[in-house]
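Undergrad: predicted model and sequence follow; I will ask about them next.
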Amino acid sequence: MPEISTLLHAGLLVADIDRARHFYEGLLGLVPCPRPALPYPGAWYELGGGQQLHLMNLPNPDAETARPAHGGRDRHIALGVKDMAALRSCLDAAGIAYTSSQSGRPALFCRDPDGNTLEFVELDSVHSARSAR
């Protein structure tokens, strides 16, 4: 068996790259990093530890598929956040709907403008859970 040790990047499809950049850069504060010359618009973000988030302005093959109300029951990526209260305030101020994790842990789910689900997990809880293993 191969040993898989890390997630290198996650790619999300977006319909409008300017709208997506406004959300990821303007609201969430991500900083773009260089991306290769590709035949479609997009934006790459360095998340630390060699991990990246790739936004790709490509047709979504399942754009019309109904999505569950709670993002934790949908395809999603999880991002660590240091200050959950600050994130909640930011999302509230922007009118972005979110739901809390149904597991009771300090996490919340929201959707970007294209319906992609993002999970935000408070980093202290991630480190505590890993230390307890």
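TA: The structure has been received and is ready for your questions. Numbering: from 1, shown residues only.
Undergrad: next, the nearest residue to residue 27 once chain neighbours are set aside: phi, psi?
TA: Residue nearest to residue 27 in three dimensions, not counting chain neighbours: residue 94, with 5.5 Å by Cβ to Cβ, 6 or more residues apart in numbering. To be clear about C-beta, it is placed using only N, CA and C from the backbone, and glycine gets the same treatment. Per-residue torsions, residue 94: phi -90, psi 0 (degrees, to the nearest 10).
Undergrad: what about residue 94, how many residues nearby?
TA: Residue 94 has 12 neighbours, counted by other Cβ atoms under 10 Å.
Undergrad: check which helix or strand covers the residue most central in space within the chain.
TA: The residue lying closest to the centre of the chain (Cα atoms, centre = their mean) is residue 118, at 3.9 Å. Secondary structure assignment for residue 118, by DSSP states H and E: strand 117-122.
Undergrad: that strand: partners in the sheet, and parallel or antiparallel?
TA: Looking at strand 117-122 with DSSP bridges, its partner strands are strand 76-81 (parallel), strand 107-111 (antiparallel).
Undergrad: most tightly surrounded among those?
TA: Burial of those is given as mean neighbour count (mean count of other Cβ atoms under 10 Å); strand 107-111 ranks first at a mean of 20.
Undergrad: quick one: contacts for residue 47?
TA: Residues counted as contacts of residue 47 (Cβ atoms under 8 Å, 6 or more residues apart in numbering) are 30, 53, 79.
Undergrad: likewise for residue 30?
TA: Contact partners of residue 30, counting by Cβ under 8 Å, 6+ apart, are 24, 45, 47, 53.
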